[in-house]
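**Q** Have a look at this fold, sequence not included:
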């Protein structure tokens, strides 16, 4: 895990800092439509947001890893998952450098950092500076963007 990442480094990455992915998965929109549910496509490819508290994954705290529901890249470990009270699964840090992409998002009159799968560019959610130590970050993810891997 990358405990050196903090809000300032997340902002630097969002502004174009070096963050190479471990590999790339580039499919056409038609290919994504054929493998994702309509809700997943809306969230992951069109940058939508699922309703808060709409997925049981929010309260799932079993040991294991969470992967991108599109390409299967491992993104988060349950050891960094915490109850944020926001209605979306929240994590303190990704499992490895380069698996999460960071993009400055100034929509809705605020500055946020969009989190994407750095392998397939799927929209995952946003990163905020109000998480637990050691990173101080809260990766607030759409549950439909994640897949809980079997233990």
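**A** Structure received. This structure is a prediction, so every number in the text was calculated from the model and none was measured.
**Q** Need phi/psi at the one residue sitting closest to the centre of the chain.
**A** Most central in the chain under Cα atoms, centre = their mean is residue 124, positioned 3.8 Å from the mean C-alpha point. Backbone torsions of residue 124, given as degrees, to the nearest 10, read phi -110, psi -40.
**Q** going forward can the numbers begin at 52, since that is how I track them
**A** Fine by me, first position is 52 from now on; the one you just mentioned is residue 175.
**Q** Would you mind naming the helix or strand containing the residue with the largest distance to the centre of the chain?
**A** Here the centre of the chain is the reference, and by Cα atoms, centre = their mean the most remote residue is residue 81, at 22.5 Å. Assigned by DSSP states H and E, residue 81 falls within helix 80-86.
**Q** Quick check: next helix or strand after that helix?
**A** Counting by DSSP H and E, what follows helix 80-86 is helix 89-95.
**Q** Can you name every helix or strand that that next one contacts?
**A** helix 80-86, strand 174-179 (3 or more Cβ pairs under 8 Å, 6 or more residues apart in numbering; DSSP states H and E). Every C-beta, even on glycine, is put in place using the N, C-alpha and C of the backbone.
**Q** Of those, flag the one that's most buried.
**A** strand 174-179 (a mean of 24; mean count of other Cβ atoms under 10 Å).
**Q** moving C-terminal of that one, what's the next helix or strand?
**A** Next along from strand 174-179, by DSSP H and E: strand 189-192.
**Q** Now that next one: average pLDDT?
**A** Mean per-residue pLDDT for strand 189-192: 98.
**Q** Over to stretch 154-162?
**A** Rounded mean pLDDT across stretch 154-162 is 86.
**Q** got the end-to-end distance for it?
**A** 10 Å (Cα to Cα, to the nearest Å).
**Q** Cool, thanks, talk later.
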